[in-house]
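Colleague: Fold the following, please.
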Amino acid sequence: MLNRKQKLWLIKVFSLFSIIRGYNILLLVVAQYIAALFIFAPQLSTREILFDINLLMLVLASAMAIAGGYAINSFYDSEKDLINRPTRTMIDRLVSQRTKLSVYFVFNILSVLFASYASFRAVVFFSLYIFMLWFYSHKVKRFPFISNLLAAILTVVPFFSVFIYYQNFALVVFMHAAFLFIVIAMRTMLKDLHNLKGDLAQNYRTVPVLYGEKTAKLLLSLLAVVTLAIALLMLRYFDLGYMRYYFLLSMVSIVLLIASLWLSKKAWHYAVLQILLKLMLIVGAFSVALIDVPLLCARLGLQFCM
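Modeller: From the prediction side, this is the model:
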């Protein structure tokens with residue numbers, strides 16, 4: 001049986017895991033490897049990719065930088081989150097502001113150390129990325145449009161570290177990145193709608209705060225149209241294998257999401273729509289493996305293919 005001190009320690013560890021969004025980071029790591037296996041370097045063997053130390057260091061550098069980004073974001077948003085997510089924030093508050101700062105610096109140092117193993121250019125890349133994560137949380141997050149744009153860019157950047165490493169400049173890679181970017185931008189604007197109460201209290205100048213919910217919904221609808229256009233282009237001009245069913249399902253989901261958006265009025269409605277977009281991103285990350293089913297079978301060591 002655990003004593004009280006041990007239980008408190010475990011709760012604090014869980015709280016820290018929540019603050020740095022450990023589940024998101026684990027998903028990112030898996031997604032980066034799936035992208036490497038099926039998009040960035042399909043010509044390489046599974047062993048070459050999975051046992052590539054340089055790739056591992058880049059992935060770990062990404063994970064540490066993002067963990068630090070979540071930590072500093074929680075540090076700056078503690079008061080706002082207490083309004084928007086009171087239950088979750090009470091758990092997160094078991095970790096002090098001082099500890100968040102300490103964790104932030106530790107993760108950033110680890111990120112640069114991991115990047116230094118790969119190359120000096122990787123050190124420069126992740127140093128700039130770490131700075132932009134801080135700049136977003138400290139300055140940009142309070143401003144409309146640019147905050148949504150930068151948040152989406154910062155989410156996609158870790159994939160570009162792997163993309164640059166393999167130097168795969170195929171058009172299909174850019175199309176996948178564009179689709180991912182727009183969906184993430186939609187999710188950040190939905191988050192602004194969900195956080196409207198806390199943003200108003202803390203003077204965050206988001207689109208819903210400055211221009212109203214209707215304008216935010218119009219912008220979201222425009223982003224949805226762009227997303228649908230990209231999905232159509234992907235289906236029309238690229239060989240997506242069985243992943244085409246993901247894009248077809250995504251198109252249906254986006255249409256239903258926008259229809260639901262205009263009926264939404266409460267914070268929890270927007271929270272549900274955020275979850276739907278997050279599920280779309282998660283399913284999309286794993287669906288990449290369906291682009292080339294024979295390759296998937298070969299990667300898994302199966303003797304038959306669909």
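
Colleague: what about the helices in the stretch 51-200 of the chain?
Modeller: Here the stretch 51-200 of the chain has its helices, by DSSP state H, counting those that start in this stretch, at 53-76, 78-84, 86-92, 97-118, 120-138, 146-166, 171-194, 196-201.

Colleague: Need the mean per-residue confidence for the fifth one.
Modeller: Yep, that's helix 120-138 we're talking about. Averaged over helix 120-138, pLDDT sits at 93.

Colleague: One more: the first one?
Modeller: In this model, helix 53-76 has a mean pLDDT of 93.

Colleague: Next, the buried residues of that helix.
Modeller: 55-76 (16 or more other C-beta atoms under 10 Å). Any C-beta I mention is one placed from the backbone N, CA and C, and that applies to glycine too.

Colleague: do the shortest one as well
Modeller: Along helix 196-201, these residues count as buried under the neighbour rule (16+ other C-beta under 10 Å): 196, 198-199.

Colleague: likewise the fifth one?
Modeller: Buried residues in helix 120-138, counting neighbours by 16+ other C-beta under 10 Å, are found at 122-123, 125-126, 129-130, 132-134, 136-137.

Colleague: The fourth one too?
Modeller: Buried residues in helix 97-118, defined by neighbour count with 16+ other C-beta under 10 Å: 99-100, 103-104, 107-108, 110-112, 114-115, 118.

Colleague: Adding distance to residue 148, write those out as JSON lines.
Modeller: Below are those laid out as JSON lines (distance: C-beta to C-beta, whole Å):
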{"residue": "99", "distance to residue 148": "29"}
{"residue": "100", "distance to residue 148": "24"}
{"residue": "103", "distance to residue 148": "26"}
{"residue": "104", "distance to residue 148": "23"}
{"residue": "107", "distance to residue 148": "25"}
{"residue": "108", "distance to residue 148": "24"}
{"residue": "110", "distance to residue 148": "29"}
{"residue": "111", "distance to residue 148": "25"}
{"residue": "112", "distance to residue 148": "28"}
{"residue": "114", "distance to residue 148": "29"}
{"residue": "115", "distance to residue 148": "27"}
{"residue": "118", "distance to residue 148": "31"}
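
Colleague: ok so, going back, now, which of the buried residues of helix 196-201 sits nearest residue 274?
Modeller: residue 196 (13.1 Å; C-beta to C-beta).

Colleague: give the contact list for that closest one.
Modeller: Going by C-beta atoms under 8 Å, 6 or more residues apart in numbering, residue 196 touches 206, 208-209, 213, 267.

Colleague: Let's see the pLDDT reported for residue 82.
Modeller: 65.

Colleague: actually residue 250, not the one I typed
Modeller: pLDDT at residue 250 comes out at 95.

Colleague: Enumerate every residue touching it.
Modeller: Counted by C-beta under 8 Å, 6+ apart, residue 250 has contacts 227, 231, 280, 284.

Colleague: Closest one of those residues to residue 168?
Modeller: When the contacts of residue 250 are compared against residue 168 (criterion: C-beta to C-beta), the nearest one is residue 284, at 18.3 Å.

Colleague: Can you give me the domain assignment for this structure?
Modeller: 46-144, 170-306 (automatic domain parsing).

Colleague: can you list the ones you listed in CSV and add distance to residue 157?
Modeller: Listed next are those as CSV, based on distance: least, C-beta to C-beta, whole Å:
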stretch, distance to residue 157
domain 46-144, 6
domain 170-306, 10
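
Colleague: Minimum distance to residue 12: which of these has it?
Modeller: So among the domains of the chain, domain 46-144 is nearest, using C-beta to C-beta, at 5.2 Å.
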